[in-house]
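J.: no FASTA, just this:
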């Protein structure tokens, strides 16, 4: 299965799931090894270095400075990597509440990193968006 592409179905059927850990974004210099004990939920290589999203506890234990204390919300619907407008609709709704978000699309699901102190609010906004979309 390649995932859902219909925007209305995606919005109505998404089931946002708030994960318990607090995460942070951190970076390593180009060519630096990922410290032992880190289990990044995401690694992304840029010319400036390697971005990692790890739990706050892992970053502290590894002596890494973290930015953007956040929690992860997984949108529990298999969205197509070619779906149009899904994340735009979600980020627009969160932006209307004055909330920044860092979305990540993986093969099966989209994941949102939202401010840790506003995570429950973000979850409620997303649940309401699903209801408003016919879910």
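T.: On my side now, so go ahead. Note that the coordinates shown come from a computational prediction; the quantities given were computed from them, not determined experimentally.
J.: all contacts plus neighbour counts: C-alpha atoms, from now on.
T.: Will do.
J.: Show me the strands in the protein, by range?
T.: Remark: strands assigned in the chain by DSSP state E are 16-28, 42-46, 49-55, 67-75, 102-105, 110-115.
J.: now those strands in JSON lines, with distance to residue 129, mean neighbour count and mean pLDDT?
T.: Putting the strands of the chain into JSON lines (distance: least, CA to CA, whole Å; neighbours: other CA atoms under 10 Å; pLDDT from 0 to 100) gives the following:
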{"stretch": "strand 16-28", "distance to residue 129": "10", "mean neighbour count": "19", "mean pLDDT": "97"}
{"stretch": "strand 42-46", "distance to residue 129": "26", "mean neighbour count": "12", "mean pLDDT": "95"}
{"stretch": "strand 49-55", "distance to residue 129": "26", "mean neighbour count": "20", "mean pLDDT": "97"}
{"stretch": "strand 67-75", "distance to residue 129": "12", "mean neighbour count": "21", "mean pLDDT": "97"}
{"stretch": "strand 102-105", "distance to residue 129": "16", "mean neighbour count": "15", "mean pLDDT": "96"}
{"stretch": "strand 110-115", "distance to residue 129": "15", "mean neighbour count": "23", "mean pLDDT": "97"}
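J.: nearest to residue 122, of the ones you listed?
T.: Nearest to residue 122 among these is strand 110-115 (7.2 Å), distances taken as CA to CA.
J.: by contact count, what packs against that closest one?
T.: Packing contacts for strand 110-115, counted by 3 or more CA pairs under 8 Å, 6 or more residues apart in numbering; DSSP states H and E, involve strand 67-75, strand 102-105.
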